[in-house]
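J.: Task: produce atomic coordinates for the following.
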Amino acid sequence: MTVQRQYTLPHCNLVLEGLSADASDPLAPLSVLMNAECHLPGATDATLAGGREFLDSLVAAVSRYGQQLLSGVPYPDRGTTPSIVEIKRGESDYHHLIVHQQPLGEPLSDVNAQPPLDVKLTTVQFYDLMEAIDQLLADTQTLPDLTAQFQAVSRRLVQPTEPIAQRAAPAALGAAALAAAGLALFFVPPPQFEPTRPESESAPAAQSSTNPQEAAPNPVANDSSADPVDESAEPDSDPSAAGSLERLETAPAITDAATLALLQSDVTRRLEEAWADAPRPSGDLAYRLGVSEDGDILGYKYENDLAQAEVDSTPLPRLTFVPVDAAEPVREQVAQFLATFTPAGDVVVEPVDAPSEATAATGAAAAAAELPTLENKITDGDRIRALNSTLYDDILAELEPLSASEDLRYRVRLTEAGEVVGYEPLNAAAGLLAEETPLASLVAAADSAPDSAPDSDRNQADFQVVFTEGGVLEVSPWDGWPQ
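T.: Numbering: from 1, shown residues only. Sure thing, here's the model as predicted:
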């Protein structure tokens, strides 16, 4: 059933038309948005209209410009793709609403792009437009998945409220006081010291005035059975490194084979990237590592003497997490690995307590495998842009809040028809939380679709998908945006 929702203000009328999710309930949310129209009486005679992409761009542009207008802090635009709707400040109290027009269903390009539509708005008209957008975002019975993405602006962009002369006054006053104190101390005479006799000269006199029989012998010096201290002996390991690993002895161990496989791959990749340009050792450097579920290296310990001598040439001191309280024991689950840096430049990471071969094979199969080398690449730029938009919409349609405490990064492969044939987690957290993302269901849907040609024979393209810690979805071509 077609449903129409309106948000009317004196200088703005926002009309949305789409299909209801429940035909028997007129108040049910819209399952599909068919058309969105924005009427601005007095500003333009033309009607601004478009689909979901136009509405998303309008909401983002109004929210971003409204935040900048109300706070007085310029909002930097870091977008990598051109936006359909832009709002820029004009002369005096006017604002320019710029709509980039293009044929429906076709991507933006220099060939088919039409001249942008520039709508001149007063401040009152823009505030009515912003109020209509706010009413739409607050209405959970229209498009519940439509939200405004607000981000804090860097403090570097905030203009100081005090003039520079007023802010520099305390520093100038402190410098003047320091100069005055230094000048006053210049006239103070230096203190006079009387020479004293060194202790080595006064020691014989003190011994001569003392009865030799009353002097107590030194039991440690005279005891020949006391164990001598070998000052040339070296400790087994660096106290800081060994101590940090000792904190992990009481931590519960990670036993899941799939988790161990993901952590092993993630730690290997991080060590290889950080050790790429480092000088090569004269022999194998072996270290025992403690790694958390998030892939953080919590501590390490030397396994041979050469590893202790050449530890500064490895990336371990830089990558090891330094806790605030080193004495507090670790309560999170920890996996232990043996990392070996070879003279050939290889980094070999193996679990210390490896599970059985059957369990390891099962865990490795449960984890998302690495994607094979892409043979038949899609080279058409317009098709890559269209697939990027399709993948973004498909993921967003099934995306639910994630429990991630860091960014989840994946490499996703699509066919020319837009089917997801596989994905590869790029960090440990992404592998652990892959089931929370819609990627697994998209691959299953593509596998169930009838298709006679195998995946290796079809043209495909890779994309980078990032679920940020703040809940923002980012999708971009793996090899960069085509020219």
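J.: which residues touch V421?
T.: Applying Cβ atoms under 8 Å, 6 or more residues apart in numbering to V421 gives the contacts 413-415, 443, 446, 455, 460. The way it works is simple: take the backbone N, C-alpha and C, and place the C-beta from them, glycine included.
J.: So A177 versus F186, what's the distance?
T.: 15 Å (Cβ to Cβ, to the nearest Å).
J.: quick one, which of those two is more surrounded?
T.: Between A177 and F186, A177 has the larger neighbour count (other Cβ atoms under 10 Å), namely 10 against 7.
J.: Show me this protein divided up by domain.
T.: 2-155, 239-366, 381-477 (automatic domain parsing).
J.: Including mean pLDDT and distance to A172, could those domains go into TSV?
T.: Output for the domains of the chain, formatted as TSV (pLDDT from 0 to 100; distance: least, Cβ to Cβ, whole Å):
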stretch	mean pLDDT	distance to A172
domain 2-155	81	24
domain 239-366	78	37
domain 381-477	86	42
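J.: where does T123 sit relative to A274, distance-wise?
T.: Here the criterion is Cβ to Cβ. By it, T123 lies 52 Å from A274.
J.: Also S83?
T.: Remark: distance between S83 and A274 (Cβ to Cβ) = 37 Å.
J.: and these two? which has more neighbours close in?
T.: With neighbours defined as other Cβ under 10 Å, S83 and A274 compare such that S83 has more, 18 against 15.
J.: Is the more buried one part of a helix or strand, or is it coil?
T.: Using DSSP: H, G, I helix; E, B strand; the rest coil as the criterion, the local structure at S83 reads coil.
J.: Now for Q464, how many residues are close by?
T.: Counted by other Cβ under 10 Å, the residues lying close to Q464 total 17.
J.: That one: which element?
T.: Taking DSSP states H and E as the criterion, Q464 maps to strand 460-467.
J.: pull the CA atoms of that strand into PDB?
T.: The C-alpha coordinates for strand 460-467 follow below in PDB (Å, rounded to 0.1, in the frame of the first residue of the first chain):
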ATOM      1  CA  GLN A 460      34.600  -9.700  -9.900                       C
ATOM      2  CA  ALA A 461      35.700  -6.700  -7.800                       C
ATOM      3  CA  ASP A 462      37.000  -6.200  -4.300                       C
ATOM      4  CA  PHE A 463      35.800  -3.600  -1.900                       C
ATOM      5  CA  GLN A 464      36.900  -2.400   1.600                       C
ATOM      6  CA  VAL A 465      34.100  -2.400   4.200                       C
ATOM      7  CA  VAL A 466      34.700  -0.700   7.600                       C
ATOM      8  CA  PHE A 467      32.300  -0.800  10.500                       C
END
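J.: all helices for the stretch 351-483 of the chain, in order.
T.: For the stretch 351-483 of the chain, applying DSSP state H, counting those that start in this stretch gives helices covering 357-366, 381-398, 428-432, 439-448.
J.: Buried residues, the shortest one. List them.
T.: By neighbour count, with 16 or more other Cβ atoms under 10 Å as the criterion, the buried positions of helix 428-432 are 428-432.
J.: Which one of the domains of the chain lies nearest to T373?
T.: domain 381-477 (9.9 Å; Cβ to Cβ).
J.: Can you measure across the closest one, start residue to end residue?
T.: Separation of the first and last residues of domain 381-477 by Cα to Cα, to the nearest Å is 10 Å.
J.: With stretch 410-424 instead?
T.: Stretch 410-424: ends 5 Å apart by Cα to Cα.
J.: And it, how far out from the chain middle?
T.: Stretch 410-424 sits 23 Å away from the centroid of its parent chain (Cα atoms, centre = their mean, to the nearest Å).
J.: Can you check which helix is longest in this protein?
T.: helix 164-186 (DSSP state H).
J.: So which elements touch it?
T.: Of the remaining helices and strands, none touches helix 164-186 by 3 or more Cβ pairs under 8 Å, 6 or more residues apart in numbering; DSSP states H and E.
J.: what is the mean pLDDT for it?
T.: For helix 164-186, the mean per-residue pLDDT is 82.
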